[in-house]
Structure formats: structure tokens, C-alpha cells
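# What follows is a predicted protein model with its sequence.
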Amino acid sequence: MRAAIAAFGAVLFSLAINSSAAQSPNVPAPQDTPYPGVIALHVDVSDVERGIYRVTETVPVAAPGPMVLLYPEWIPGTHAPEGEIEKLAGLTITASGQPVPWRRDPLNVFAFHVDAPAGASALELSFQFVAATAEDQGAIIYSPNIAMLEWNSTLLYPAGHYASRITFSPRVTVPEGWTAATALDGATPNGSTVQYANTTLETLIDSPLMTGRHARRIDLDPGGRIPFFMNVFAERPDQLAATDAQIAKYRNVVRQADRLFGARHFDHYDFLFSVSDVLGFHGLEHHRSSTDGLAGDHFTNWNDNDADGLLPHEMTHSWDGKHRRPRGMATPGPDVPMQDELLWVYEGGTSYWGNLIATRAGLQTIDAALQDLALAAAQYDNRAGRRWRPLVDTTNDPTIAERMPLAWRSYQRSEDYYAEGSLIWLDADTLIRERTGDRRSLDDFARDFFGGEDGDWSVRPYEFDDVVAALNRVTPYDWATFLRDRVERVTPRAPLDGLARGGYRLVYTSERSALQQARETGAASFAYSIGLSIGGNGAVRDVAWDGPAFNQGIIVGAEIVGVDGEAYSADAMRRAITAAATRTDPITLVVKNGSRVRTVLLDYHGGLRYPHLERIPGTRDRLRAIFAPRR
């Protein structure tokens, strides 16, 4: 899962940059050869009032002459060229105390050309990473009490070598009295500065750091065979007050992951977890850690939080996406484009297994998991974009859409490989159970495909045929056709056979589920009736393609001012839709779009429609068995 979504303006800027970052003949391709020497990197993140990270870097020089220094472009976990090159500022380079001019490559704006002077043993680099100060500039990564450091944002590296063959000596300075946590090894503190052991560029980029004024380190597996910690950072000390019962659920996450995958493919693991309304929701996976962010009251207002599977999801990526990685995403370094066509395994499978782990651990109830499944099933079964776009094409969205707000999401489709991919894996799970008399399941596939030896944190790339072969080891079937039909074909309906085999069917009623009510705080969804999702202020957030509202010209960004003679409110809209089901005259809306105000008549009489799962009488309840904890 990528970090918090950047706002519209920042995304447009990113697209403009990435479109120019073509392969340049003047930038050497990476080779499997070591870069001589160790690059010393020092990042000072202590300016948390302004979010200016100050960087100094010493790059050894093997010989005088032309060199190319690269800023990381393709960032693991984002699946896209999202290196924030626009936030690099103040670059100066010297050698032996004398300035060394640099020139940006005209075709690849992530590349800087320099000429190392004769007699120079190293280049001294100095620059700043100017973090976003407002959401329209990108993700917020710091506050007066917490700061996140993604090393890839604060370094340059020599072109022409695999990331695994370039060695760094990383050092960080944090505000006085703050605590730092990272998956990097060999921490040696000296006041507010921490030196870490030498590591490769590949591992450094995969090992972010979080630091904060108020921190708590929680052992999630006391006495366990491989250390597993949750490092919590908060805006206030009281927000760290996780109870024993809450901690027990996160410890259950670790236990359920063990029962699912068998092996731990790391030598230690750290959640870097911010509970902050400033940093907000974010999540990004790494092999031995993850950066995760939820609301500041996550622990103190636990019962009112929608405890989704963020931490279990990002943790699951250590197996699905890091240890086992699609071959097209196992690139030599961040200057090589990724190929994302297997994201329905990488992200879709992680969505499925992460949700299972969260439910089996008790972070959410089985009833809530079933309600969530109903919402996902309805959403993707009503995707108008299914008429023209196969699921596999949405795996290109990290580089096509960049999580840009969409005018017609139901028709354009975007990143559907997450939740629809999860529905495909449910389909496979229930099919395995049906074919084996419930003796085997997708759990067996997970242990076979992602399992192995404790402590082995190598990367094992895979391809489509490897997934098929592993499924066949669980139970023989034409899995290649099964998967291609659901992933590569244009299909008008979502893959919901897993619901029926699981003993349920998707239905719609006039009542919202408890989960949907919780998620509608400050907003309201009428997606399956009049085809609108509306914010608390009446602003239209989404319009269903070919729905009643669409057919009357209502668009995202318009404002619903009135409904059937009342000022707009969610309750007024519900009353109007309910009343229209027993009359013939249309629902009357007053719609404001910019300076234009008009009356819109919706000739809709189907009543309120909200998705639910309904038991199919006489069938085995496989869904509850799937979500049940493993002992």
C-alpha cells in the first residue's frame, strides 16, 4: 500500500516530471558490479518546525572524469516513479574544497552529470529535502512531534551499479530528546545523532526511520524466535495509552501470521506506527518494517475507530511483495522501471490475507469482515468500467492515474487490483475447499508459496506460471484459465462465485450495515439507488456512470443544495428516496455547480439500496470458517 494520497496539484506536477524521465543514452544502466568505497550519508531531520531535512553526503571517486549521480525514481511499495525530485533543493557539490559544477540530464531529470576533478578522492554533496508543508504539496511526513524519514528522498547514488552493490554508511540527527526507530542494524547513538551499520542502497531504501517526541516500544512476541516490535509515535503522551487488551490483539496478528505463512522471512521486524491527526492515514510496506499511520485516538477511542487491517496488510507484504516478489518488480535498482501486471497477487493477495489475519487476530469481528466483504462485492459488481477494461489493465494505474481524483471512477476504474483481486482469491479459496471436501484451503497455498525458512530475507521472484503451479500443488485444476478469465478478460460482473461457495449471496436492503454507518460519518452513500455519494456539506464526491444522477447531468464537484423542498441533509435524502418508492412523481433536487443553480428531477422509485450478505439456506458457511482464528 502506498503512502497517503497526494493532492491534485502535486500529482499533476509528478506526472509532468515522470513523463520527461525517459531513458537517457547518457545515463549508464545498472550492472552487477560493486561501487568502490562506502558512501557516507548524514541526514538532519531536526528542523520539524519547517520540515527541511538537511543532507550531506560523501561519495568516493574511483577515477577522475564524468560521473552520473541519480535520485531514486522508482520507489518500492509505490509501484511507480514517485521519487519526489521536486523537493530536492540547494544542491552543491565540492571536491577538495573546490566547487564542482553539475548539470541535470535533459531526458532524465533524476540524473545529475558531474566531472570528478583529477586528484579528488571524493565528492562532497550538500542539499535539502523540503518536505510538504500542506496537503496540496504531497504527503505530510512531519509534525512538531513526529517525523518520518524515507532515505530514498534524501540521497543521491552513482549510476551504473545494482542497488545491492552500492554501500552506504547512514547517520541521522533527530531533535534533542526524541526517540528513533528503524529496521537498520547497528544503531550507535551519540547525543541526538545515531550512526547505523554499513548497508546496501537496496536495504537502506527499504528501511525508513520514524522519530518522535512521544514514543513507546511494544514487544509483540516476548521471548519469540525472531524479534517483533511495534514502535508507536504520538502527538501527545496520552495517545500512547494502548491497553493490555489492545496490545493482545496486535500480538495475535503476529501469531496468526505465523499460523498462515509458517516462516518469518526477516531477522527482526518493526512496525513504525504513528497515531496522529497531522500525519494522518498512511501505509507503506518494507521487508523488515512498515510505516503505518492511523488517527491520534486510535488507542484512546478504540471502539469508535474503524479498525481496518492497515498494520496486518503492510506486514503481510513482508511475505507477499518483499520475500516473494513479481519478477517484473524485482528490479536492480530505483532507476529501472517496474512492471506491475502481477499486482493482483502482490496487492490483491495481500488485501485478502491481511484482512484474514486482522479478523483472525480480533482487530475486527467476523460480522464486520462479512459486512466489509458485502461493500466490496457491491462496489465491484456495479463497476461500469467492467464493460471495457479488464482488471489486469488497472495494474498500470500506479503510473497512469497516480491516485489522481477521477471524475467518473465507476467507469474509469482505478487500482481495482486491490479489492477485486481479493475477491478473486476468495473465489480460489472457496473452490479449493469445495474440491477437497474442506480438507485444504488457500492457507495451504500461502504456506507453500510464501513459506520456507525463518530468517531468510532474500528476494524470490515469481511469475504467473509459478502461482499456477503452487495452486496445483494444493489441488489440481485448470488454474491458469481460472485466473486469466478473472484477470485478463473483460467481464460485466464481479467474481462473486466465492460468496456462493462460501454460503452467501449479495443482496440489497433499505437498511445500512453497522460498518457502512460507521464509514458514513460526515458523508452518505446512495451509490446503488440514485447513484451518488455525497459529503456532509452536500458536495458530490462520486457519481455512478449511467445511474439516475449521471443521466441528469450531475457531476463530481457539484453541490446538492435541496431535496424535495428541504435543505440538503443525508436524512432528508434518505426520506426523499424512501418516499419516492411509493409515488410516481420524481425526486426534486436543487443542484449548484459553480455559479449555476438548477432543479434536477430524478425519476427513481427503487427505494434505498444497501449491500448485505445473506445466508443461502442449506449451504455450508465457509466464510465464517475462513475468518475463524487458527489455533
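Yep, it's here. Nothing here was measured: the structure is a model prediction, and the numbers come from that model.

# what does the average pLDDT come to for stretch 412-432?
In this model, stretch 412-432 has a mean pLDDT of 97.

# so how far is that stretch from its chain's centroid?
16 Å (C-alpha atoms, centre = their mean, to the nearest Å).

# Same check on stretch 585-602?
When distances are taken as C-alpha atoms, centre = their mean, stretch 585-602 is centred 37 Å away from the chain's centroid.

# What lies in contact with it?
Identification of contacts with stretch 585-602 by C-beta atoms under 8 Å, 6 or more residues apart in numbering yields 530, 548-549, 552-555, 557-565, 568, 576-577, 580, 603-604. In short, each C-beta sits where N, CA and C put it, glycine included.

# Helices - which of those land there?
Mapping the contacts of stretch 585-602 onto helices (DSSP state H) picks out 548-549, 576-577, 580.

# So which of the contacts of stretch 585-602 belong to strands?
Using DSSP state E, the subset of those located in strands is 559-563.

# so residue 93 sits in a strand?
Yes: under DSSP: H, G, I helix; E, B strand; the rest coil, residue 93 sits within a strand.

# Report the spatially nearest residue to it, omitting neighbours in sequence.
Leaving aside its chain neighbours, residue 93 sits nearest to residue 100 (4.4 Å; criterion: C-beta to C-beta, 6 or more residues apart in numbering).

# How about residue 436?
residue 475 (5.4 Å).

# Over to residue 611?
Looking at residue 611 with C-beta to C-beta, 6+ apart, the closest residue is residue 378, at 3.5 Å.

# give the contact list for the one you found.
Each residue near residue 378 by C-beta under 8 Å, 6+ apart is listed here: 506, 508, 527-528, 611.

# Next: residue 170.
If you count contacts by C-beta under 8 Å, 6+ apart, residue 170 has them with 41, 43, 151, 184, 195-196, 199, 204.

# Try it again at 10 Å.
By C-beta atoms under 10 Å, 6 or more residues apart in numbering, residue 170 lies in contact with 39-43, 149, 151, 154-155, 182, 184, 186, 194-199, 203-204, 207, 209.

# Pull out the buried members of these.
Using 16 or more other C-beta atoms under 10 Å as the burial test, the contacts of residue 170 include 39-43, 149, 151, 154-155, 182, 184, 194, 196, 199, 203-204, 207, 209 as buried.

# about what we covered before: just checking, which of the contacts of residue 170 belong to helices?
203-204.

# So how do I select the buried members of the ones in strands among the contacts of stretch 585-602 in ChimeraX?
A single ChimeraX command selects the buried members of the ones in strands among the contacts of stretch 585-602 (16+ other C-beta under 10 Å):
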select :559,560,562,563
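
# Looking at the ones in strands among the contacts of stretch 585-602, point me to the pair that's furthest apart.
Spatially, the most separated pair among those is 559 and 563, at 12.0 Å (C-beta to C-beta).

# what touches both of those two?
Taking C-beta under 10 Å, 6+ apart as the criterion, residue 559 and residue 563 both touch 538, 590-591.

# you'd agree residue 50 is in a strand?
No: using three-state DSSP, the assignment for residue 50 is coil, not a strand.

# what sits against it?
Counted by C-beta under 10 Å, 6+ apart, residue 50 has contacts 130-131, 133, 142.

# coming back round to it: show me which of the contacts of stretch 585-602 are buried.
Looks like the contacts of stretch 585-602 have 530, 548-549, 552, 554, 558-560, 562-564, 568, 576-577, 580, 604 buried, using 16+ other C-beta under 10 Å.

# Which pair of those residues spans the longest distance?
Largest separation among those by C-beta to C-beta: 559 and 580, giving 21.0 Å.

# before we move on, the earlier item: can I get the buried part of the contacts of residue 50 as one PyMOL selection?
Buried subset of the contacts of residue 50, written as a PyMOL selection, criterion 16+ other C-beta under 10 Å:
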select buried, resi 130+131+142
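
# can you pull the buried residues of stretch 389-408?
Going by 16+ other C-beta under 10 Å, stretch 389-408 has these buried residues: 389-399, 401-404, 408.

# for stretch 78-94, same thing?
Buried residues in stretch 78-94, defined by neighbour count with 16+ other C-beta under 10 Å: 78-85, 87-88, 91, 93.

# Same question for stretch 433-452.
For stretch 433-452, by 16+ other C-beta under 10 Å, it's 433, 441-447, 449-452.

# quick one: residue 228 and residue 251 touch, right?
Yes: at 8.7 Å, residue 228 counts as touching residue 251 under the criterion of C-beta atoms under 10 Å.

# And these two? Which one has more around it.
residue 228 (24 against 20; other C-beta atoms under 10 Å).

# Now do the contacts for that one.
Under the criterion of C-beta under 10 Å, 6+ apart, the neighbours of residue 228 are 218-222, 250-251, 253-254, 257-258, 264, 266, 268-271, 315.

# Equivalent analysis for residue 565, please.
572, 576, 588, 590.

# among these, which are in helices?
Checking these against DSSP H, those in helices are 572, 576.

# quick one: which of the contacts of residue 565 has the most company?
Busiest of the contacts of residue 565 [other C-beta under 10 Å] is residue 576, holding 21 neighbours.

# Please tell me I have it right and that residue contacts residue 582.
No: when contacts are counted by C-beta under 10 Å, residue 576 is not listed as touching residue 582 (11.9 Å).

# still on that earlier bit, identify, from the buried residues of stretch 433-452, the entry nearest to residue 334.
Using C-beta to C-beta, the buried residues of stretch 433-452 come closest to residue 334 at residue 450, 24.5 Å.

# Distance check, the closest one against residue 342.
In this view, residue 450 and residue 342 are 14 Å apart by C-beta to C-beta, to the nearest Å.

# any idea which helix or strand comes after the helix or strand harbouring residue 371?
In this assignment (DSSP states H and E), residue 371 forms part of helix 366-381. Going down the chain from helix 366-381, the next helix or strand is helix 397-400, by DSSP H and E.

# Point out the other helices and strands that that next one packs with.
helix 8-20 (3 or more C-beta pairs under 10 Å, 6 or more residues apart in numbering; DSSP states H and E).

# model confidence over stretch 90-107, on average?
Mean predicted lDDT for stretch 90-107 stands at 97.

# and it, which residues are buried?
In terms of neighbour count (16+ other C-beta under 10 Å), stretch 90-107 has its buried residues at 91, 93, 95, 100, 102, 105.

# same thing with stretch 578-596?
Those would be 580, 586-592, for stretch 578-596 by 16+ other C-beta under 10 Å.

# I'd like a version of those residues in CSV, one that adds distance to residue 419 and pLDDT as further columns.
Below are the buried residues of stretch 578-596 laid out as CSV (distance: C-beta to C-beta, whole Å; pLDDT from 0 to 100):
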residue, distance to residue 419, pLDDT
580, 31, 98
586, 33, 97
587, 30, 98
588, 35, 98
589, 30, 98
590, 34, 98
591, 30, 98
592, 33, 97
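
# where does residue 189 fall, helix, sheet strand or coil?
When the rule is three-state DSSP, residue 189 gets the label strand.

# is it true that it touches residue 195?
Yes: under the criterion of C-beta under 10 Å, residue 189 makes contact with residue 195 at 7.9 Å.

# For residue 291, list the residues it contacts.
Going by C-beta under 10 Å, 6+ apart, the list of residues near residue 291 reads 3, 77, 141, 148-150, 208-210, 270-274, 279, 282-285, 314.

# Filter those down to just the ones in strands.
Secondary structure from DSSP E places 148-149, 209-210, 270-274, 282-285 of the contacts of residue 291 in strands.

# Is it possible to mark the buried ones in these?
148-149, 209-210, 270-274, 282-285.
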